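Participant: just to be clear, the model below is a prediction. Sequence and coordinates:
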Amino acid sequence: MAESSNSAALSKIRAFLNKWRPVRNALPIVATELEALGMARGAKFDQIIEQVFAMQLTGAVKPRKSAKRSCAS
């Protein structure tokens with residue numbers, strides 16, 4: 001990467017390392033939450049996971065940091 005002068009390639013590499021990979025790694029949290037809601041794994045389940053991933057990449061929704069939620073008293 002340090003030796004490339006192709007700015008488009010560098011941009012894609014940076015996007016993968018800094019955005020895509022962390023968001024993709026957080027998807028098991030989404031899967032756990034869907035299962036907790038009673039949704040069975042299958043084609044529709046996978047489709048929802050991919051839609052959430054795409055929405056997170058575009059900034060339409062923010063990735064969750066953990067599956068635990070804080071409750072206000």
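Facilitator: Everything's here; your move. What you see is a predicted model, and the numbers here were worked out from it, not measured in a lab.

Participant: in stretch 30-39, what's buried?
Facilitator: Neighbour counts over stretch 30-39 (16 or more other CB atoms under 10 Å) mark 30-31, 34 as buried. The C-beta positions use only the backbone N, C-alpha and C, and glycine is treated the same way.

Participant: minimum pLDDT in the residues you listed, which residue is that?
Facilitator: Lowest pLDDT within the buried residues of stretch 30-39 is found at Val30 (89).

Participant: surely that one touches Ile49?
Facilitator: Yes - using CB atoms under 8 Å, Val30 is in contact with Ile49, at 5.9 Å.

Participant: for Phe53, which non-adjacent residue is closest in space?
Facilitator: In space, and not counting its chain neighbours, Phe53 is closest to Leu27: 6.0 Å by CB to CB, 6 or more residues apart in numbering.

Participant: before we move on, what about Val23?
Facilitator: Nearest to Val23 is Gln56, by CB to CB, 6+ apart, at 4.8 Å.

Participant: go ahead and name everything in contact with the longest helix that the chain contains.
Facilitator: Scanning the chain for the longest helix, with DSSP state H as the assignment, gives helix 43-58. Identification of contacts with helix 43-58 by CB atoms under 8 Å, 6 or more residues apart in numbering yields 19-20, 23-24, 26-27, 30-31, 34, 39, 61-63.

Participant: can you report how many residues neighbour the residue nearest to Val23?
Facilitator: 21 (other CB atoms under 10 Å).

Participant: residue ranges with poor pLDDT in this structure?
Facilitator: Along the chain, the model assigns pLDDT under 70 to residues 1-3, 63-73.

Participant: quick check: the residue nearest the centre of it vs Met55, distance?
Facilitator: Nearest residue to the geometric centre of the chain (CA atoms, centre = their mean): Val23, 3.2 Å. In this view, Val23 and Met55 are 10 Å apart by CB to CB, to the nearest Å.
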